[in-house]
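Asks: Kindly generate the corresponding structure for this input.
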Amino acid sequence: WVRTTVPESSAAAAGVTAGEPAERETSTMPQWAGSCWYYLRFADPSNDRLMIDPEVEKYWLPVDLYVGGTEHATLHLLYARFWHKVLYDLGVVSTKEPFRKLVNQGMILGEVEFTGYVDTASGMFVDPNVGEQIMTEEDGAGGARGREMKLSEDDVEKKGDGYYLRDDSPHVPEGQSMPVKISARAHKMSKSRGNVINPDDVVFQYGADSLRLYEMFMGPLRDTKVWSTSGVEGVHRFLARAWRLMEGDEAFGDVEPTEEQVRSLHICIKKVTEMTEGMAYNTAISAMMEFVNDATKWEQPRPKSVLHTFSLLLSPYAPHIAEEMACRLRGGDEASIAYEEWPAYDESLIETNEVLYPVQVNGKVRAKLMLSKDITEDEAVASAMADENVQKFTDGKEVKKVIFRSGKILNIVVSK
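Replies: Coordinates of the predicted model:
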């Protein structure tokens with residue numbers, strides 16, 4: 001079929017003689033056609049006889065998890081399913097569907113843009129609802145009655161659920177009635193809006209680990225999220241704090257961890273393990289931040305075994321710094337921790353006989369006390385009354401009522 005002759009109908013247009021030897025073009029599919037079944041070749045990449053060996057296909061397929069943006073629903077996901085169903089009809093694959101589970105990751109929008117609306121006649125700022133309306137109305141001279149003014153974050157302040165023009169902004173015109181509400185919106189990143197964040201710039205300033213960690217810390221994986229460079233600075237500081245746990249000659253050593261240190265570690269292992277498996281990466285990072293907060297307060301030298309386990313928990317999220325941490329903890333051994341076993345937690349080490357009680361006086365938290373989980377109401381009140389800060393708000397006042405919820409809260413209501 002490939003080798004043929006030039007048909008008479010095409011000879012003149014091609015500038016050749018009819019009947020000459022010719023070859024038909026076989027590369028007629030779009031290049032992305034191969035991506036519609038690449039998951040088959042991942043399982044059997046060296047097979048030069050079949051798309052995939054039937055035994056290999058039955059072992060590996062269907063794919064357990066497919067993660068993609070919502071745009072994949074009408075692109076790769078749709079066409080991969082088309083191809084897979086044809087291959088199923090042909091007997092190449094044994095499953096009707098190629099993917100067991102689909103997770104759509106949310107889109108990351110550009111940074112919040114602040115826009116004020118100005119009445120062109122008066123030169124004064126107006127409410128965004130009014131501004132959007134007068135932007136579409138003519139002023140009688142061929143122009144619009146309103147215009148937009150782009151503002152920086154320094155020009156605005158958050159009040160309640162909205163943003164308002166700051167009194168000291170240089171853009172406030174003389175005679176302006178205050179307060180002035182400002183439109184605050186995040187838009188899809190695009191070159192036309194000029195709001196595209198170049199990841200190379202972020203990596204250059206903060207490092208690849210900070211960028212990677214921030215994208216996972218922004219919020220739930222499936223949610224649409226708004227980019228904030230100040231947020232990158234926050235996770236960058238967290239990584240710096242984690243690194244400082246090992247700075248100094250006496251920062252860590254081969255010491256036996258205390259019961260509280262072991263408990264803190266195993267709480268972290270449990271949370272990070274469960275949250276990672278559930279793809280709740282932001283809460284897993286929060287758990288690691290809590291651990292670092294605890295570990296920062298520990299006396300030096302800190303237990304090397306505990307810090308090494310923490311580096312394993314951090315490694316899927318910030319692999320570069322985690323490898324460096326592990327290397328330092330092992331005295332320069334550069335063997336990768338990527339091949340080490342994931343740490344397991346012991347539920348019995350997490351349990352505690354104490355509970356953190358928020359102690360309220362007239363509904364406002366005045367202290368937080370670690371008390372026995374089996375404590376009685378009278379004992380809890382006595383412990384609270386012995387607290388110096390609680391005494392400031394109860395001395396000389398009559399206790400009218402006590403609200404006690406075992407293991408949860410203590411609220412002491414006193415006379416005013």
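
Asks: how about the helices in the stretch 301-416 of the chain?
Replies: Listed from the start of the chain, the stretch 301-416 of the chain has helices (DSSP state H, counting those that start in this stretch) covering 304-314, 319-329, 347-350, 377-385, 388-394.

Asks: Quick one, which of those helices gets closest to Pro170.
Replies: Using CB to CB as the measure, helix 319-329 is the one of these that comes nearest Pro170, at 41.2 Å. (C-beta placed from N, C-alpha, C; glycine too.)

Asks: Buried deepest among the helices of the stretch 301-416 of the chain, which one?
Replies: Each of the helices of the stretch 301-416 of the chain was given a mean neighbour count from mean count of other CB atoms under 10 Å, and the largest, a mean of 21, is that of helix 304-314.

Asks: now the angle from it to helix 319-329?
Replies: For helix 304-314 against helix 319-329, the angle by axes from the mean of the first three to the mean of the last three CA atoms, to 10 degrees is 170 degrees.

Asks: Quick one: closest of the helices of the stretch 301-416 of the chain to Asp154.
Replies: helix 319-329 (32.0 Å).

Asks: Run the chain-centre distance for that closest one.
Replies: Put simply, helix 319-329 sits 22 Å off its chain's centre (CA atoms, centre = their mean, to the nearest Å).

Asks: Quick one: the helices of the stretch 301-416 of the chain as CSV, columns for distance to Pro21 too.
Replies: Below are these laid out as CSV (distance: least, CB to CB, whole Å):
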stretch, distance to Pro21
helix 304-314, 65
helix 319-329, 57
helix 347-350, 77
helix 377-385, 97
helix 388-394, 97
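
Asks: Can you give me every residue that contacts Val202?
Replies: Val202 makes contacts with Ser210, Leu211, Thr229, Val232, as judged by CB atoms under 8 Å, 6 or more residues apart in numbering.

Asks: Can you tell me the SS state at the last one?
Replies: Translated: Val232. helix (DSSP: H, G, I helix; E, B strand; the rest coil).

Asks: hang on, it packs against Leu211?
Replies: Yes - distance between Val232 and Leu211: 6.7 Å, which falls inside the contact criterion (CB atoms under 8 Å).

Asks: now the nearest residue to Ala344 once chain neighbours are set aside: how far from Phe310?
Replies: Across the structure, with CB to CB, 6 or more residues apart in numbering as the measure, the residue nearest Ala344 apart from its sequence neighbours is Ile269 (7.1 Å). The gap separating Ile269 from Phe310 is 9 Å, by CB to CB, to the nearest Å.

Asks: ditto for Met216
Replies: Taken as CB to CB, the span from Met216 to Phe310 is 17 Å.

Asks: I figured Phe238 was touching Met289, is that so?
Replies: Yes - in this structure, Phe238 sits in contact with Met289. The criterion is CB under 8 Å, and the distance is 5.7 Å.

Asks: the more surrounded of the two?
Replies: Phe238 (20 against 17; other CB atoms under 10 Å).

Asks: Just confirm that one is within a strand.
Replies: No - the assignment for Phe238 by three-state DSSP gives helix, which leaves it out of any strand.

Asks: Just the pLDDT for the residue lying closest to Gly143 once chain neighbours are set aside.
Replies: Distance criterion CB to CB, 6+ apart; nearest residue to Gly143, sequence neighbours excluded, is Thr120 at 6.7 Å. Model confidence at Thr120, expressed as pLDDT, equals 90.

Asks: ok, how many other residues are close to Thr120?
Replies: Quick note: Thr120 (other CB under 10 Å) scores 15 neighbours.

Asks: Which residues lie in contact with it in this structure?
Replies: Each residue near Thr120 by CB under 8 Å, 6+ apart is listed here: Asp139, Gly143, Ala144, Arg145, Gly146, Arg147.

Asks: Ok, Gly234 next?
Replies: Per CB under 8 Å, 6+ apart, neighbours of Gly234: Tyr214.

Asks: any idea how far it lies from Met275?
Replies: Taking CB to CB, one finds Gly234 at 19 Å from Met275.

Asks: just so I have it, where are all the strands in the stretch 101-250 of the chain?
Replies: Secondary structure of the stretch 101-250 of the chain (DSSP state E, counting those that start in this stretch): strands located at 102-105, 108-109, 113-119, 125-126, 146-151, 156-159, 162-165, 181-185, 225-226.

Asks: Show me the residue at the heart of this protein, geometrically.
Replies: To find the centre residue of the chain, average its C-alpha atoms and take the closest one (CA atoms, centre = their mean): that gives Met216, at 2.4 Å.

Asks: check contacts around that one.
Replies: Residues in contact with Met216 (CB under 8 Å, 6+ apart) are Tyr281, Asn282, Ile285, Tyr317.

Asks: Reformat the residues you listed as JSON lines; add neighbour count and secondary structure.
Replies: JSON lines is the format used below for the contacts of Met216 (neighbours: other CB atoms under 10 Å; DSSP: H, G, I helix; E, B strand; the rest coil):
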{"residue": "Tyr281", "neighbour count": "21", "secondary structure": "helix"}
{"residue": "Asn282", "neighbour count": "17", "secondary structure": "helix"}
{"residue": "Ile285", "neighbour count": "22", "secondary structure": "helix"}
{"residue": "Tyr317", "neighbour count": "21", "secondary structure": "coil"}
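
Asks: now for these, which pair is the farthest apart?
Replies: Farthest-apart pair in the contacts of Met216 is Asn282 and Tyr317; separation 10.5 Å (CB to CB).

Asks: Pick the most deeply packed of the strands of the stretch 101-250 of the chain.
Replies: Each of the strands of the stretch 101-250 of the chain was scored by mean neighbour count; the highest is strand 125-126, a mean of 22, by mean count of other CB under 10 Å.

Asks: Would you list the strands that that one pairs with, along with their directions?
Replies: Paired with strand 125-126 in the same sheet, following DSSP bridges, are strand 113-119 (antiparallel).

Asks: between the partner strand and strand 181-185, how big is the angle?
Replies: Interaxial angle of strand 113-119 relative to strand 181-185 (the same axes, to 10 degrees): 140 degrees.

Asks: Pull the distance from strand 113-119 to the chain's centre.
Replies: Distance of strand 113-119 from the chain centroid (CA atoms, centre = their mean) equals 30 Å.

Asks: Can you tell me what sits against that strand?
Replies: Counting by CB under 8 Å, 6+ apart, strand 113-119 makes contact with 124-128, 130-132, 134-135, 145-153, 155-156, 163, 165, 171, 180, 182-187, 195, all of which sit outside it.

Asks: ok, 6 Å please
Replies: Strand 113-119 is contacted from outside by 125-126, 128, 131, 146-149, 151, 156, 182-185, using CB atoms under 6 Å, 6 or more residues apart in numbering.
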